[in-house]
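Trainee: Using only what follows, build the 3D model:
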Amino acid sequence: MFKDQVVWITGGSSGIGEALALEFAAAGSRIVLSARREKELNRVRERCIEAGGGADDVLVLPLDVTDHDAMPAAVQKVVNVFGRIDLLINNAGISQRSLCVDTDMSVYRKLFEIDVLGQIALTKAVLPGLLEQGSGHIAITSSVAGKIGVPKRTGYCAAKHAVMGFYDALRAEMAPRGIRVTTITPGFIRTNISVNALKGDGSEFGEVDGDIAGGMDVTRCARVIMDGFRKGTPEIAVGEGMEMKALWLKRFFPAAVFKKVEKMA
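Mentor: Numbers count the residues shown, from 1 in each chain. I've put the predicted structure just below:
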């Protein structure tokens with residue numbers, strides 16, 4: 001079902017975005033790779049070609065999701081090259097590792113600019129074209145942190161809760177118009193998310209969390225997400241640790257989950 005589909009992936013230079021790009025390349029999709037690091041995007045492009053993608057079917061399109069003014073031109077470039085957009089995967093994002101009392105307000109603003117407003121702005125830029133063609137699919141990479149609040153991630157949890165709310169509401173709006181919306185809820189996945197996370201002063205955390213190091217392999221994660229896309233699953237939970245059980249427990253036994261995360265502090 002993905003052959004010849006035009007798939008635009010933000011945060012495509014590493015982690016889940018890179019792993020998804022390789023899966024779509026193997027499936028015969030036409031891929032747009034966006035992130036800020038052009039050198040890394042070109043590296044991922046070469047990997048996509050090795051995975052079976054055509055050299056003319058992988059477009060590197062550097063983009064900073066906080067630069068909203070650049071988005072209309074970026075959308076137009078994708079349309080000029082591939083003629084349409086079938087699936088936008090809003091995967092750009094950054095995390096946090098600091099207590100609230102130690103976190104500068106500038107860090108909270110940066111988390112919301114990247115993880116929330118950047119995703120909304122690009123979605124709004126792409127959406128008119130999807131509505132005009134009468135079909136399309138928008139996905140957002142949220143997190144278990146978009147369902148459960150945990151220590152040292154007050155800003156990250158707030159941002160991920162925000163995108164879950166926005167895209168759940170967007171799904172309801174777009175369903176009658178033939179546009180699918182999928183929320184992706186990863187648990188601990190082996191990526192550099194904690195290395196690149198922000199400390200309270202805005203500097204990089206620079207370390208791999210033990211939970212991340214012991215998390216799901218990123219390639220397996222991408223394949224679970226692809227399977228969810230194929231099945232039309234509206235919310236794709238992906239992970240294999242205790243954090244995934246917490247999603248279920250939060251619904252029925254919230255007090256037990258609150259006690260558990262208090263111990264994490």
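
Trainee: So I89 lies in a strand, does it not?
Mentor: Yes - checked against DSSP: H, G, I helix; E, B strand; the rest coil, I89 lies within a strand.

Trainee: roughly how far apart are it and F112?
Mentor: I89 sits 20 Å away from F112, going by CB to CB, to the nearest Å. Backbone N, C-alpha and C define where each C-beta goes, glycine included.

Trainee: out of those two, which sits in the busier spot?
Mentor: Taking other CB atoms under 10 Å, I89 and F112 do not tie; I89 has more neighbours (27 against 16).

Trainee: Mind listing the residues bridging to the more buried one?
Mentor: I9, A139 (DSSP bridges).

Trainee: where are the low-confidence patches of this structure?
Mentor: Residue ranges of the chain with pLDDT under 70: none are present.

Trainee: can you tell me which helix in it is longest?
Mentor: helix 154-174 (DSSP state H).

Trainee: Tell me which helix or strand comes right after that one.
Mentor: Downstream of helix 154-174, the next assigned helix or strand under DSSP states H and E is strand 179-186.

Trainee: report the angle between the axes of that following strand and helix 154-174?
Mentor: Per axes from the mean of the first three to the mean of the last three CA atoms, to 10 degrees, the angle that strand 179-186 makes with helix 154-174 is 160 degrees.

Trainee: Summarise which helices and strands strand 179-186 is packed against.
Mentor: Packing contacts for strand 179-186, counted by 3 or more CB pairs under 8 Å, 6 or more residues apart in numbering; DSSP states H and E, involve helix 118-133, strand 136-141, helix 154-174, helix 218-231, strand 235-238.

Trainee: How about residues contacting that strand?
Mentor: Residues from elsewhere that reach strand 179-186 (CB atoms under 8 Å, 6 or more residues apart in numbering): 16, 127, 130-131, 135-144, 146-147, 163-164, 167-168, 170-171, 174-175, 216, 221, 225, 228-229, 232-239, 247.

Trainee: Next: stretch 165-178.
Mentor: Contacts of stretch 165-178 (CB under 8 Å, 6+ apart): 116, 119-120, 123, 131, 134-136, 138, 140, 142, 180-181, 183, 234.

Trainee: out of the residues you listed, who's nearest A159?
Mentor: Nearest to A159 among the contacts of stretch 165-178, counting by CB to CB, is V116 at 5.1 Å.

Trainee: For that closest one, grab the count of nearby residues.
Mentor: Around V116 there are 20 residues (other CB under 10 Å).
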